[in-house]
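S.K.: Model the following, please.
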Amino acid sequence: MASKGAYVAGTDGGDYSHRERVAPHYKDVSAYKVKTHALAPYQLAFHLAAAAAFVYMYVTTGMFVYHRPFLATAATPLLLRYMDSNRVALLAYSGLCGLIAAYLIWLGIGRTLDLMALMEGRMHEAVIFLVLNTAGAVVHLLAMYYTRRILYLYSSIDDAARARRSAARPKAE
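M.R.: Just a heads-up that it's a prediction; the model follows:
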């Protein structure tokens, strides 16, 4: 970076190694936020596909493949709008992603295998459900992992700030 005018006496520009740097946990928080936000379209696509599969199976067979309250979790990616400044929303998002992933693992393996037995000649539909549920579980588990990492990094940042404040306080004698 060029500058006009005289340089500070006693420096040749080689003092760059002594300058302050951004702490790595701040960089990690922003990296995990980017990764979490990148998963939101996949979560939304999964929920739309799950809703379409739900409607298709109900119309063709009269069976409820997904539990109806599960469809309400489609709003989960919308919590990401409030995630940047609100740790409660971040914790709620992480918890919901974990619950959805657990439900999908149960549904994706157990219930889909049951459906395969019930859907005698409609194996391709059962395989589509199996793939859909597995993909949804993976996306939600990744989102839960990333948000848990952000929460952990936030807590380490808070701990470091508390330690700095307590070190800066004069000790009472």
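S.K.: From what I see, residue 92 and residue 79 are in contact.
M.R.: Yes. With contacts defined as Cβ atoms under 8 Å, residue 92 counts as touching residue 79 at a distance of 6.2 Å. All C-beta atoms are positioned from the backbone trio N, CA, C, and that covers glycine.
S.K.: What backbone torsions are found at residue 169?
M.R.: Main-chain torsions, residue 169, degrees, to the nearest 10: phi -70, psi 140.
S.K.: what number of residues lie near it?
M.R.: 8 (other Cβ atoms under 10 Å).
S.K.: Name the single longest helix found in the protein.
M.R.: helix 123-168 (DSSP state H).
S.K.: Quick one: mean pLDDT for the helix or strand residue 41 falls within?
M.R.: Following DSSP states H and E, one finds residue 41 within helix 24-61. Mean pLDDT, computed over helix 24-61, is 82.
S.K.: After the worst-scoring helix or strand of the chain on mean pLDDT, which helix or strand is next? Please name it.
M.R.: Sorting the helices and strands of the chain by mean pLDDT, DSSP states H and E puts helix 68-71 at the bottom, at a mean of 63. Elements were assigned by DSSP H and E; along the chain past helix 68-71, the next helix or strand is helix 87-105.
S.K.: Which residues outside that next one are in contact with it?
M.R.: 70, 73, 76, 79-80, 82-83, 133-134, 136-137, 140-141, 143-144, 147-148, 150-151, 154 (Cβ atoms under 8 Å, 6 or more residues apart in numbering).
S.K.: Next, the buried residues of it.
M.R.: 89-90, 92-94, 96-98, 100-101, 103-105 (16 or more other Cβ atoms under 10 Å).
S.K.: thinking again about what came up before, could you flag which of the contacts of helix 87-105 are buried?
M.R.: Buried, going by 16+ other Cβ under 10 Å: 70, 73, 76, 79-80, 83, 133, 136-137, 140-141, 143-144, 147-148, 150-151, out of those.
S.K.: mind showing which ranges of the chain have poor pLDDT?
M.R.: Scanning the chain for pLDDT under 70 picks out the ranges 1-20, 22, 64-72, 81-85, 108-122, 171-173.
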